[in-house]
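[1] What follows is a predicted structure for the sequence shown.
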Amino acid sequence: MPVTYDSECKAFLLTTPGMTYAMEVTPLGYLRSTHWGGVVNRAQDLAPRLLSLKETLAWNDKYDHAFSDSYNSTWQENAMLFEKQNEEIAPLSAYVFCEPGIKALFHDGTRDVVLKYHSHVIDKQENTETLAITLRDVYYPLKIELYYRIYDRLDIVDRWTVAVNEGKEDILLESLQSAAWHVPQGKEHRLSHMSGKWSGEYQIEHVWLTQSKVVLDNRSGISNHFATPWFALDYKGQAQEESGKVWFGALHWSGNWKIVAEVTQYNQTRVTGGINDFDSTWKLAANESFTTPIFTGGYSNAGFGKASRTLHDYVRDHLSPKPFASETQLPIVYNCWGVFEFDINIEQQIKLAKVAADIGCEVFMVDDGWFSTRDDDTSGLGDWWCSPTKFPNGLKPLIDAVKSYGMTFGLWVEPEMVNERSELFAKHPEWTIYFPARERTTGRNQLVLNFGRQDVQDWAIDWLDRLLTENDIDWLKWDMNRYFTEPGWPDMPGDRQREIWIRYVHGLYKVFAEVRRKHPHVKISNCASGGGRVEFGLAKYTDRQSLSDNGDGLDFQKIWWGFTQFMPPRLPGSYFNNAQANGINGRGVPFSYNLSKGFFGQMYVGSNFFKSDPEEIRQTTEAIVLYKKVRHIIAGGDMYRLVSPYENPLISVMYAAKDKNQALLLILTHSMQFYNLLPAIKLQGLDPDALYKVGDLGTYSGAGLMEKGLAFRYEADYDSRVIYIEKCG
Ligand code: DGJ
């Protein structure tokens, strides 16, 4: 896992087991990308030049300033143009016509940044190496540090950028992107990304790039349901699920973000990404610095499947909070929101908890509706005390009951929100995001508290700390149920007004970090109207993830396919209940199908036990017993997406333990027609030379299962299979 610097070629090579990321300092001092792809060990192999090296260096001897008077010949222009091709982070300056990575306004009105290599440092730790390259503007006191971190076992590089104002005058940052990625030259790359909406998250889209720009972005304040900060590129669409080269990336940012994929006039495909510069600036005062979020990039030589597994391992091993990230006993959560919504009370909750415990659930989660006047969504947010009518003696009697049944206890909160009908809003109307002369637009009857404000952060940390200190709570479900509107911060000076988008996210991270620091044993489940804030920024602070508010059995298939492109299946709740039909599409599916769905991630039970018959309880209990036997494979194994719901009337996914001794095969089908015999499902990730017992279907070799596969006859509309596979020879 070395980071090396070749002083003769002035080249940096970052090499992981299957990937090299390389850059060079050009003769004029610019830093530019030379390779991102399979392993190349020699710097000499990575320096294709327009001019011969000798020619360029000779010219460079005579020419020591990019903006000297002699800068006028076509030859020099061409050289400079070439030198500024593929700059690692392209500032808006001469001959940069692509998406800029840095836009700055200096005190004298100059809006041009010229960055040249200054120095570098390599920091070697046990499992990581980090390269920091310092660039400096050739005239103004602006220092830019580019960071690159690689990991010993992953074909991943984390990149981020730091801007430092080393002068006395303010610098206005109009854009500071985390990274620009250059894939091998060629304009016919296919861009894969995700779009969506509430209850229809992570829908995969493909765009053929042409000489133009494709902008993926989000402007709603939170990373939202409409777009996911993830991309993948493959040349001419040649990559498949388990074959072909794929370049991919995911941003760690929970606010407005932007990822621009473009093809330049030289057929160079590049992707620039970071905090969205839309309606956003940052004043960098003397001696201040600004650090961008991380943009993780990776390379797979074995399709989208390997790309996903790389990101899954990355999240589990390097992002998710410890120690839960490595726990293999994924907890089975019970939460009755889907069937009772706000209509909850102490007696009912205790009864539900008893049944939940009897059937094997391990976390009893109380959702929205437990506090102040919260009988519906029109009031109560901001007033975080127990409802005197629903829980007259506080939460303690319920928590005691839950614990006596052997479960842990979780509680829903939505700290970033306030209802106008609340004591908090009456006291602090100035705490929301608003423009004084505009009506405040509500979403789900609520307003957004400005988490950029120090007083709001202190308030949130204080009540969350008290809640967790006074009650024996093991889990928080942290929800967020609207987007930003009227993004004003009247108390902020005019030239800092547009910092609100960024300051909000910094404040949010601070509150998360403080709560975790003060209560390290409390786990946090991330939710934003289902899957609204699913990205690596919050993954760092949260232990579990809501997948979607959509529990529909059919919609689930595509939602799952998209989610697992970048997020590990160990994180999301995989929900089922016993309602006759799902609320989103009014679709009913067999209960056995619902139970099978529970095996895809963290099993998440939401049934109304008051309507359960003994047979349903028996089936649920049986499913939970099996889940407990196999959950370590979901938690710590490798996931293979075997059959795509985009191409077939079914989804099939399998999990294989890293030691290849056990596996779990999952299939959900729909709409069988014409006596279709669907192709056999070919398994992955097994030992070809070993024998496996496949559920009660028989014993097969790993080679047979992977080469020939398993053929099933599926029935009618919603058929499903959950098959445990174990090595037996
Ligand atoms: C939206 C979430 O996605 C749901 O699971 C539930 O917690 C509701 N909010 C509660 O208001």
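    The structure has been received and is ready for your questions. Residues are numbered from 1 along each chain as shown.

[2] what's the neighbour count on G709?
    G709: 15 surrounding residues under other C-beta atoms under 10 Å. For the C-beta atoms, the positions are set from N, CA and C on the backbone; glycine is no exception.

[3] Tell me how many other residues surround whatever residue of the stretch 601-729 of the chain ends up closest to the ligand.
    The minimum distance from the stretch 601-729 of the chain to the ligand, using C-beta to the nearest ligand atom, falls at G606 (9.2 Å). Close neighbours of G606, defined as other C-beta under 10 Å, add up to 22.

[4] my guess is it contacts S574, does it?
    No: here G606 lies out of contact with S574, judged by C-beta atoms under 8 Å, at a distance of 10.9 Å.

[5] Around the ligand, pick out the residues from the stretch 351-500 of the chain.
    D367, D368, W412, D479, N481 (C-beta under 6 Å from any ligand atom).

[6] can you put those residues in CSV and add secondary structure and neighbour count?
    Output for those, formatted as CSV (DSSP: H, G, I helix; E, B strand; the rest coil; neighbours: other C-beta atoms under 10 Å):
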residue, secondary structure, neighbour count
D367, coil, 20
D368, coil, 20
W412, strand, 20
D479, coil, 22
N481, coil, 22
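
[7] Out of the residues you listed, which is nearest to the ligand?
    Looking across those and measuring by C-beta to the nearest ligand atom, the closest to the ligand is D368, at 3.5 Å.

[8] And that closest one, how far from V183?
    Noted for D368: a distance of 44 Å to V183, by C-beta to C-beta, to the nearest Å.

[9] Quick check: which ranges of this protein have low pLDDT?
    Residues of the chain that meet the criterion pLDDT under 70 lie in 1, 47-81.

[10] Could you tell me which helix of it is the longest one?
    Longest helix in the chain, counting residues (DSSP state H): helix 614-636.

[11] which residues sit against it?
    316, 326-330, 332, 355, 358-361, 569-570, 578, 591-592, 595, 598-601, 603, 605, 607, 609, 612, 655-658, 662-664, 722, 724 (C-beta atoms under 8 Å, 6 or more residues apart in numbering).

[12] Of the residues you listed, keep whichever come out buried.
    Buried residues within these, counting neighbours by 16 or more other C-beta atoms under 10 Å: 316, 327, 330, 332, 355, 359-361, 569-570, 578, 591, 595, 598-601, 603, 605, 607, 609, 612, 655-657, 662-664, 722, 724.

[13] just to revisit the earlier point, looking at the residues of the stretch 351-500 of the chain next to the ligand, which is nearest G394?
    Using C-beta to C-beta, W412 comes nearest to G394 of those, at 16.0 Å.

[14] Now do the same contact list for that closest one.
    Going by C-beta under 8 Å, 6+ apart, W412 touches W337, M365, V366, D367, D368, W370, L476, K477, D479.

[15] Spell out which parts of this structure neighbour the ligand.
    Residues of the chain lying near the ligand (C-beta under 6 Å from any ligand atom): W337, D367, D368, W412, D479, N481, C527, S529, G530, S546, D549.

[16] Name the residues that touch stretch 457-469?
    Stretch 457-469 has contacts (C-beta under 8 Å, 6+ apart) with 384, 411, 413, 415-416, 431, 449, 451, 473, 476, 507, 510-511, 514-515, 518-519, 522.

[17] Who's the closest spatial neighbour of N165, skipping the chain neighbours?
    With sequence-adjacent residues excluded and distances taken as C-beta to C-beta, 6 or more residues apart in numbering, N165 is closest to L284, at 4.4 Å.

[18] what's the answer for Y604, then?
    G573 (3.5 Å).

[19] measure the one residue in the stretch 1-150 of the chain that gets nearest to the ligand to K10 for me?
    Closest residue of the stretch 1-150 of the chain to the ligand, C-beta to the nearest ligand atom: R149 (33.3 Å). Plainly put, R149 is 21 Å away from K10 if you go by C-beta to C-beta.

[20] N287 now?
    30 Å.

[21] More neighbours: which of those two?
    Comparing N287 with K10 by other C-beta under 10 Å, the one with more neighbours is K10, at 17 against 10.

[22] contacting residues for the closest residue to that one other than its chain neighbours?
    Excluding the flanking residues, the one nearest K10 by C-beta to C-beta, 6+ apart is V25, at 4.0 Å. Listed by C-beta under 8 Å, 6+ apart, the contact partners of V25 are K10, A11, L31, Y117.

[23] Tell me what V25 is bridged to.
    L31 (DSSP bridges).

[24] which residues does the closest residue to Y151 other than its chain neighbours contact?
    Nearest non-adjacent residue to Y151, counting by C-beta to C-beta, 6+ apart: T128, 5.5 Å away. By C-beta under 8 Å, 6+ apart, T128 lies in contact with M1, R149, I150, Y151, D152.

[25] can I get those residues in TSV with secondary structure and distance to L398?
    Shown next, in TSV, are those (DSSP: H, G, I helix; E, B strand; the rest coil; distance: C-beta to C-beta, whole Å):
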residue	secondary structure	distance to L398
M1	coil	50
R149	strand	44
I150	strand	48
Y151	strand	43
D152	coil	46
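
[26] Can you select the buried ones among these for me in ChimeraX?
    To isolate the buried ones among the contacts of T128 in ChimeraX, judged by 16+ other C-beta under 10 Å, type:
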select :149,150,151
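
[27] any chance of the contacts of T128 in CSV, with distance to T15 too?
    Converted to CSV, the contacts of T128 look like this (distance: C-beta to C-beta, whole Å):
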residue, distance to T15
M1, 7
R149, 13
I150, 8
Y151, 12
D152, 11
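
[28] how far does the strand or helix carrying Y334 sit from the chain's center?
    Per DSSP states H and E, Y334 falls inside strand 333-335. Counting by C-alpha atoms, centre = their mean, to the nearest Å, strand 333-335 is centred 24 Å from the centre of its parent chain.

[29] who does that strand pair up with?
    Here, using DSSP bridges, strand 333-335 pairs with strand 363-366 (parallel), strand 602-605 (parallel).

[30] do you know which of those strands lies nearest Y21?
    The nearest among those, by C-beta to C-beta, is strand 602-605 at 33.8 Å.

[31] Dump the closest one to PDB, keeping only the CA atoms.
    The C-alpha atoms that make up strand 602-605 are tabulated as PDB, following Å, rounded to 0.1, in the frame of the first residue of the first chain:
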ATOM      1  CA  GLN A 602     -31.400  -5.600   9.500                       C
ATOM      2  CA  MET A 603     -34.600  -7.400  10.100                       C
ATOM      3  CA  TYR A 604     -37.200  -4.800  11.100                       C
ATOM      4  CA  VAL A 605     -40.600  -6.000  12.400                       C
END
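
[32] Please, where are all the strands along the stretch 301-450 of the chain?
    All strands of the stretch 301-450 of the chain, identified by DSSP state E, counting those that start in this stretch, fall at 333-335, 363-366, 408-413, 417-419, 446-448.

[33] All set now, cheers.
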